[in-house]
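> Predicted coordinates and the sequence they were generated for:
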Amino acid sequence: MQTYDFRACSTLPEVLFYRASLHPTRNAATFLNDDAATVSLSYAELWGRSVAVASRLRALPNNSSEQSTNPRVLLVQPPGLDFLPAFFGAQLAGWIPVPTSYPKPHRAMPRVDKIVRDCSPSAILTTSKTLAAIDTRRLAPETVSLPMIAVDELTPATSDGEPWEVDALATALLQYTSGSTDDPKGVVVSQRNVMANLTAIIAGFGLPLDHTDSETASTSASWLPFFHDMGLMAGVLAPIYGGFRSVFISPQAFVRRPVMWLQMISDYGAIVSGGPNFAYELCADRVAPSQMASLDLSVWKIAFCGAEPIRARTLHTFAQRFSSAGFSDASYYPCYGLAESTLLAAGGNLPSVPRVIDVNRVSLRHDRVELATATPKRDIVTLVALGSAPAGTSIKIVDPVSNQECVERGIGEIWLSGDSVMSGYWNRPEENANVFGHIADTPTPTSRFRWFGGPKPIENHASTNASLMYLRTGDLGFLNGGELFVTGRLKDIVIIRGRNYAPQDIEATVSELGECVAGRVVALSVEGARSEGLALVVEVSRDANEGRFSQIVRDIRRAVIDEHEIDPRQIVLVRPAAIPITTSGKVQRSAAREKFLLQSVDVRHAWQRRGGAESPPLSIPVLPTQKSPADLPIIRSVVAGWVRQWLITRVGIEPTEIDADRRFDDYGLDSLTAVELSGELEDWTGVELTPSNAWQQPTIDSISDFVAREWVGGSLSSDSDGEPSETTRTAIVHA
């Protein structure tokens, strides 16, 4: 392992050792806490801490079990730098790291429990703070029985010690998909997959493969979750692979105050950063003109965008909004990827102004592409080009029934092969048999596929190219001039803000509500002005009281938010048998979608959430510069009025439903929306309001009182005497 030749590195641990040996003092990563404090690790420090984790894992008892050749270890890490030594330390020890989402303190951890049952890890790597907040009474017995190691309590190694050889053919990690809460699947990602994909990412971005000069080291900035494939590969591993320095904020900090992402890019001179479409949309909607004065986004040369449908309108709006801060649309890097292909599957050779084409909306519904010429504007869909396959990857567009390759601009399923493509899902032999296929050489009639169910079982046709297997992505698209365009999905996945949801899970939640749901439920994705949303079509009994329909909608929203942390955009209550089914009783999703889009379902009651990301910024009162305890009552009243208007505009709550003493979760606020509320309040008033603070004040009255007290500066009696100052009265009246 004693190598200083980057080209000889074939595994991630070798790359980290190379970095730590060649430039040990170079800053590898910096994390910006919510209180603006920073924590940093040099490459040498990261190596030392990783070795400490590896030593601790190797010292665990019972390592001679049947799992000893490839034991798994779960990474239950909060946002922060402790994730990095946990991840690399596991690989150094010969263990397979399994990143997973960070659970809420003192809450059940159903997703963690399900992953534990699926991959049978031998330990959990976490932090001391997380350990203190885990309620073992709410965990499955399999999870409670595992050793839990706080990586921040381990003493870093002072030297590299033994060589720590790692097999280049070994599994690098299990990347669990976020598609289904009931059935998470572990993507088996090898060291070869990771190294090939990182090479493709760096080359696509147009960055030097190896920064050896510390004076020219580039900087990457990210807020993406480390357990997500985009956050891990593009945000964490690509910078280490290229020898950059990385700067991070938490996902919660970004959602609360989107300007923090842009300010981080500006302050640290980050040349590369990105995220899903919704991240650009959120910044365009939430960053005020006054916050742009301190931004210099001319340094941002690579703005990647992927993980969910990319909307040309979003990219155009963002570029317009932030052009005054120096952002150029020539920095965009639209791309296509998925965990099953490690990450990147298609992207440009370099960042550039997004290339788009206008196509006829009706033609897409019939699986063909017609360029829009004299088409009415309402029937035009603008699609963003996602680049071409990187070196070592092949993209084919294939009819998913006949397995026959489609012609240019022919819509079919996107199939992938190459060094970045996974070997399969962990312990899923039947699913693995169906997720890979051969392209048919024997001509067969092209089918007219029109389902939105999961991939059908593959019937391999006679082929002279039987050795070349392709991954079936379940996504629909076409190639135009060698560039990929994505048009939809075969598999039942709803993507909201870059996160995947399985409709079946949401439907099961609604179906369990009992008396208010008398039949079938269909969860569908619907398009908004700039983002995708969730729609639910629910059958209710014929004798259901119409006076209860509003309450039924509220019950449905509350159940979906509590279980899945997503607020539906539309809920339609229909008569029994309005949802089409097959002869075997299964829901016909494509037919249900068509009926919904054409508004031909037998609707009894329809609800649509107003506001959201499409809403214009709220007008806010101007608070006085001189603060006085006598101002408390009027400030409290003004904040309460603003929160009330926020609920109406952003969440779509009916004014008649709002009560100052009603809990926010009763309105159907999911956790992400709650973070947005606290962030906008903080932006306006300047009062620090973390999500934890916000949920300790769960009503309009309590949060308004908290903000007012903090704003006037101290613990004041709720019955403060005195008249509000003339400055306060004037500022608020004329706001």
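Looks like it came in fine.
> Quick one: residues contacting residue 44.
For residue 44, the contact set (Cβ atoms under 8 Å, 6 or more residues apart in numbering) comprises 20, 24, 25. Heads up, the C-betas are built off the backbone N, CA and C, glycines and all.
> Look up which helix or strand the first one falls in, please.
Using DSSP states H and E, the secondary-structure element containing residue 20 is helix 12-22.
> how about the nearest residue to residue 76, chain neighbours excluded?
Nearest non-adjacent residue to residue 76, counting by Cβ to Cβ, 6 or more residues apart in numbering: residue 126, 4.5 Å away.
> Just confirm residue 73 contacts residue 94, I think it does.
No. Residue 73 is beyond contact range of residue 94, at 10.5 Å (criterion: Cβ atoms under 8 Å).
> Tell me which of the two has more neighbours.
residue 73 (26 against 20; other Cβ atoms under 10 Å).
> So what pairs up with the more buried one in the strands?
residue 97, residue 123 (DSSP bridges).
> and it, what pLDDT?
pLDDT recorded at residue 73 is 97.
> List the contacts of it.
Residue 73 touches 57, 90, 95, 96, 97, 98, 121, 122, 123, 124, 125, counting by Cβ under 8 Å, 6+ apart.
> Mean confidence (pLDDT) on stretch 265-282, please.
For stretch 265-282, mean pLDDT is 93.
> coming back round to it: I figured the residue nearest to residue 76 hits residue 77, correct?
Yes. Look at residue 126 against residue 77 with Cβ under 8 Å: they come within range, at 6.3 Å.
> Can you get me the start-to-end distance on stretch 263-275?
By Cα to Cα, to the nearest Å, the extent of stretch 263-275 from end to end equals 15 Å.
> what does it contact?
Outside stretch 263-275, the residues within contact range by Cβ under 8 Å, 6+ apart are 30, 32, 205, 207, 218-224, 230, 234, 239, 244, 247, 249, 261, 294-297, 299-307, 325, 333, 498.
> Are any of those residues buried, and if so which?
Applying 16 or more other Cβ atoms under 10 Å to the contacts of stretch 263-275, the neighbour count classes 30, 32, 205, 207, 218-224, 230, 234, 239, 244, 247, 249, 261, 295, 297, 299-307, 325, 333, 498 as buried.
> Next step: those restricted to strands.
30, 32, 219, 220, 221, 222, 247, 302, 303, 304, 305, 333 (DSSP state E).
> thought residue 354 was touching residue 332?
Yes. At 5.1 Å, residue 354 counts as touching residue 332 under the criterion of Cβ under 8 Å.
> Tell me the residues that contact both of these two, please.
Listed as contacting both residue 354 and residue 332 by Cβ under 8 Å, 6+ apart are residue 315.
> quick one: which of these two has more around it?
Set side by side, residue 354 and residue 332 show more neighbours around residue 332, with 25 against 20, by other Cβ under 10 Å.
> Residues in a beta bridge with that one, which ones?
residue 303.
> Is it in contact with residue 352, as I believe?
Yes. Assessed by Cβ under 8 Å, residue 332 is found in contact with residue 352 at 7.0 Å.
> can you count the residues close to the residue nearest to residue 76?
Residues lying near residue 126 (other Cβ under 10 Å) number 24.
> Now for it: which residues touch it?
Residues in contact with residue 126 (Cβ under 8 Å, 6+ apart) are 75, 76, 77, 134, 148, 149, 150, 151.
> What's the separation between it and residue 35?
Using Cβ to Cβ, to the nearest Å, residue 126 is found at 22 Å from residue 35.
> what stretches of the stretch 151-300 of the chain score poorly on pLDDT?
Along the stretch 151-300 of the chain, segments meeting pLDDT under 70 span 159-163, 178-182, 210-216.
> how about the strands in it?
171-176, 186-190, 219-222, 245-248, 272-275 (DSSP state E, counting those that start in this stretch).
> highest average neighbour count across the ones you listed?
Comparing these by mean neighbour count (mean count of other Cβ atoms under 10 Å), strand 272-275 ranks first with a mean of 28.
> mind checking how far that strand is from the chain centre?
13 Å (Cα atoms, centre = their mean, to the nearest Å).
> again, but for stretch 184-194
Distance, centroid of stretch 184-194 to centroid of chain: 18 Å (Cα atoms, centre = their mean).
> for it, how far is the first residue from the last?
Start-to-end span of stretch 184-194 (Cα to Cα) is 21 Å.
> again with stretch 37-45
Termini of stretch 37-45 sit 19 Å apart (Cα to Cα).
> Just give the nearest non-adjacent residue to residue 195, would you?
Nearest residue to residue 195, sequence neighbours excluded (Cβ to Cβ, 6+ apart): residue 10, at 6.5 Å.
> Could you check how many residues crowd around the one you found?
15.
> I figured it hits residue 168, correct?
Yes. Between residue 10 and residue 168 a contact is recorded at 4.0 Å, counting by Cβ under 8 Å.
> and for these two, which residues touch both?
191, 192.
> helices or strands up against the longest strand anywhere in the chain?
Scanning the chain for the strand with the most residues, using DSSP E, yields strand 470-480. Strand 470-480 sits against strand 393-398, strand 412-418, helix 429-435, strand 436-437, strand 483-489, with contacts defined as 3 or more Cβ pairs under 8 Å, 6 or more residues apart in numbering; DSSP states H and E.
> now the shortest one: mean pLDDT?
Looking at strand 436-437 alone, the average pLDDT works out to 88.
> Partner strands of that strand and their direction?
Strand pairing for strand 436-437, using DSSP bridges, gives strand 470-480 (antiparallel).
> and if you look at the second one?
With DSSP bridges as the criterion, the sheet partners recorded for strand 412-418 are strand 393-398 (antiparallel), strand 470-480 (antiparallel).
> State the mean pLDDT of that strand.
94.
> List phi and psi for residue 680.
Main-chain torsions, residue 680, degrees, to the nearest 10: phi -70, psi -40.
> Which parts of the chain belong to which domain?
6-256, 356-489, 502-614, 629-733 (automatic domain parsing).
> Assign a three-state SS to residue 351, would you?
coil (DSSP: H, G, I helix; E, B strand; the rest coil).
> Name the nearest residue to it, sequence neighbours excluded.
residue 333 is the one closest to residue 351 (Cβ to Cβ, 6+ apart), at 4.5 Å.
> Same check on residue 666?
residue 558 (7.3 Å).
> Relative to residue 382, how far out is the one you found?
36 Å.
> quick one, which of those two is more surrounded?
Of the pair residue 558 and residue 382, residue 558 is the one with more neighbours under other Cβ under 10 Å, namely 17 against 13.
> Would you mind measuring from residue 342 to residue 417?
With Cβ to Cβ as the criterion, residue 342 and residue 417 are 13 Å apart.
> of these two, who's got more company?
When neighbours are counted by other Cβ under 10 Å, residue 342 and residue 417 differ, and residue 342 comes out ahead with 33 against 19.
> Let me see the contact set for the more buried one.
The neighbourhood of residue 342, defined by Cβ under 8 Å, 6+ apart, consists of 189, 193, 194, 196, 197, 229, 233, 420, 421, 422.
> out of everything not next to it in sequence, what's closest to it?
The shortest distance from residue 342 to any non-neighbouring residue, by Cβ to Cβ, 6+ apart, is to residue 197 (3.8 Å).
> what's around that neighbour, how many residues?
Close neighbours of residue 197, defined as other Cβ under 10 Å, add up to 30.
> Same question for residue 292.
Using other Cβ under 10 Å, residue 292 has 17 neighbouring residues.
> Skipping its backbone neighbours, what lies nearest it in space?
For residue 292, the spatially nearest residue (Cβ to Cβ, 6+ apart) is residue 325, at 5.1 Å.
> Assign a three-state SS to residue 523, would you?
Following three-state DSSP, we place residue 523 in the strand state.
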